[in-house]
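*Asks:* For reference, the sequence and a predicted model appear below.
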Amino acid sequence: MKKLLYSVYALLFNISRLLFPIKKNRVAFVSMHNENFKDSLGCVYEKMKEEGGYDFVLITRQDLSLRNIPRLISFFLVKSRLLATSQYVFLNDNFMPMGKLNFRPEAVITQLWHAEGAFKKFGLHIPQDEDLRKREESGNKKLTYVVCSSESVRDIYAGAFGVDREKVLPLGAPRADFLFKKENRIKAEEKLRKLYPQTKGKKVVLYAPTFRDDLKRNEDILKVFDTEKFTELLGEDYCLMVRLHPQIHINGNGLTNAIDVTDYEDVRELVLFCDILITDYSSICMDFSLLGKKTLFFAYDLEEYISERNFYFDYETYVPGEIAKTLGDLAVKVRGESDDEKNNHFRSFNFSFTDGKSSERVVERIVKKNE
């Protein structure tokens, strides 16, 4: 069924491409996996709104909701035409119909991606179903540019997307701009202190594990990371928040002595608010590293995870913080000093810019130079 829908969408797009010309300064933002725009896509969108003079088209997964038939029809009949006539197109992930969309030569298609730097392997660097791989490769051939966060990861992104190195622009991560604005930190602090008054006067620790392909291992996460035992080990000076991966469905009632922030809309606000991060293999470590905040890695199943989803570099020497495999060791490391040397190396490798102006660079280089 999905293949049929992709083909129908592509047919309508290609008909519109033949019938209608490109509309100058029409900009399409395609976000089929993260429609709240709290990422690089949203940051570039906000920057262009500030600039003014653009006609925006927003295409999200909500357009495909069967609960809203008029919107679903509009996705096929209206937004296919708007996308076909857009001068600029920005994406933050794969858009499966892409391979069959015949964009006009003057259209500028940019992949902003939803992650920063190089951590877990992704894109064409990971094993894939043959049909999915062909679709991804066909879609990537339509890209004019791919934006990455540093010169150091440029070749990695070129390989992951199967594009020439010259197409990869190390302009910085637009989504990180949010983290450098003082007013955002103040608002996040006020908002989260009000929502969770039990955090007042304490160091806030955020536990944010990633998704495992093995569903049983996802169910075991909170059995291994026993929040009641861990908070007892930490003591009264700390408050624990837990943010599970959206694809992990675990009853939040199992979070004894912890605050469940899994459904909190903007993870960037949590990054600004929390003092310490505990993760395992999640790219959220990029944000904490960028801000110079302490990060610890609870990698109790490292060998199993590597067997299903490997990394670009040796995990134990690359991650920007200390590694623990037991709760007792983890609690000791929370109370200990940060490993600033590891973090500084990680940050300088993955981020060429720490000035909060990456969105500005993207608009200047990709939009204004092509106007």
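*Replies:* Now that the structure is in, tell me what you want to look at.
*Asks:* Report the buried residues of the lengthiest helix in the chain.
*Replies:* In the chain, with assignment by DSSP state H, the single longest helix is helix 2-19. Neighbour counts over helix 2-19 (16 or more other C-beta atoms under 10 Å) mark 6, 9, 10, 12, 13, 14, 16, 17 as buried. Yep, even glycine has a C-beta here, placed from its N, CA and C like the rest.
*Asks:* List the buried residues in the following helix or strand past that helix.
*Replies:* The helix or strand immediately downstream of helix 2-19 is strand 23-31, counting by DSSP states H and E. Buried residues in strand 23-31, counted by 16+ other C-beta under 10 Å: 26, 27, 28, 29, 30, 31.
*Asks:* ok, so of the residues you listed, who is nearest residue 162?
*Replies:* For the buried residues of strand 23-31, the closest approach to residue 162 (C-beta to C-beta) belongs to residue 30, at 18.9 Å.
*Asks:* Quick check: next helix or strand after the helix or strand of the chain with the lowest mean pLDDT?
*Replies:* Least confident helix or strand of the chain, by mean pLDDT, DSSP states H and E, is helix 215-219 with a mean of 77. Going down the chain from helix 215-219, the next helix or strand is helix 221-224, by DSSP H and E.
*Asks:* For that following helix, give me every contacting residue.
*Replies:* Residues from elsewhere that reach helix 221-224 (C-beta atoms under 8 Å, 6 or more residues apart in numbering): 209, 212, 242, 244, 248, 250, 254, 255, 300, 301.
*Asks:* can you rerun that using 10 Å?
*Replies:* The contact list for helix 221-224, computed with C-beta atoms under 10 Å, 6 or more residues apart in numbering, reads 207, 209-212, 217, 242, 244-245, 248, 250-252, 254-256, 258, 280, 298, 300-301, 325-327.
*Asks:* How about the residue nearest the centre of the chain: what's its closest non-neighbour residue?
*Replies:* Nearest residue to the geometric centre of the chain (C-alpha atoms, centre = their mean): residue 114, 3.3 Å. Leaving aside its sequence neighbours, residue 114 sits nearest to residue 92 (C-beta to C-beta, 6 or more residues apart in numbering; 4.6 Å).
*Asks:* Could I get the pLDDT score of residue 244?
*Replies:* Per-residue pLDDT puts residue 244 at 89.
*Asks:* What values do phi and psi take at it?
*Replies:* In terms of degrees, to the nearest 10, the main-chain angles of residue 244 are phi -80, psi 160.
*Asks:* residues near it, how many?
*Replies:* Counted by other C-beta atoms under 10 Å, the residues lying close to residue 244 total 22.
*Asks:* so who does it touch?
*Replies:* 207-211, 218, 221-222, 250, 252, 255, 260-263.
*Asks:* From residue 146, how far off is it?
*Replies:* Remark: distance between residue 244 and residue 146 (C-beta to C-beta, to the nearest Å) = 30 Å.
*Asks:* How about residue 310?
*Replies:* 21 Å.
*Asks:* Looking at the two, which one has more neighbours?
*Replies:* Shown here are residue 310 and residue 146; by other C-beta under 10 Å, residue 146 has more neighbours (26 against 14).
*Asks:* Settle this for me: the more buried one is touching residue 92, isn't it.
*Replies:* No - between residue 146 and residue 92 there is no contact under C-beta atoms under 10 Å: 11.6 Å.
*Asks:* related to what we said a few turns ago, helices and strands around the least confident helix or strand of the chain, which ones?
*Replies:* Counting contacts by 3 or more C-beta pairs under 10 Å, 6 or more residues apart in numbering; DSSP states H and E, helix 215-219 is packed against helix 302-308.
*Asks:* Show me which positions of the helix it packs on end up buried.
*Replies:* In helix 302-308, counting by 16+ other C-beta under 10 Å, buried: 302, 305.
*Asks:* Kindly report the same for stretch 321-337.
*Replies:* Quick answer for stretch 321-337 (16+ other C-beta under 10 Å): 321, 322, 323, 324, 327, 330, 331, 333, 334.
*Asks:* Kindly report the same for stretch 288-304.
*Replies:* 288-291, 293-302.
*Asks:* So for that stretch, mean pLDDT?
*Replies:* Here the average pLDDT along stretch 288-304 is 95.
*Asks:* same deal with stretch 55-65?
*Replies:* In the prediction, stretch 55-65 has an average pLDDT of 92.
*Asks:* That stretch: how far from the chain's middle?
*Replies:* 18 Å (C-alpha atoms, centre = their mean, to the nearest Å).
*Asks:* Can I get it as CSV, trimmed to CA atoms?
*Replies:* Listed next in CSV are the C-alpha coordinates belonging to stretch 55-65 (Å, rounded to 0.1, in the frame of the first residue of the first chain):
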residue,chain,number,x,y,z
ASP,A,55,6.0,31.8,0.7
PHE,A,56,6.1,28.8,3.0
VAL,A,57,4.8,25.2,2.5
LEU,A,58,4.8,22.9,5.5
ILE,A,59,4.6,19.2,4.8
THR,A,60,4.4,16.9,7.9
ARG,A,61,3.2,13.4,8.8
GLN,A,62,0.0,15.0,10.1
ASP,A,63,-0.9,15.4,6.5
LEU,A,64,-1.2,11.6,6.2
SER,A,65,-3.6,11.2,9.1
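*Asks:* Buried residues in that stretch, which are they?
*Replies:* By neighbour count with 16+ other C-beta under 10 Å, stretch 55-65 contains the buried residues 57, 58, 59, 60, 62, 63.
*Asks:* How are the helices of the stretch 151-300 of the chain distributed by residue range?
*Replies:* Secondary structure of the stretch 151-300 of the chain, counting by DSSP state H, counting those that start in this stretch: helices at 154-161, 182-195, 215-219, 221-224, 227-234, 267-273, 285-290.
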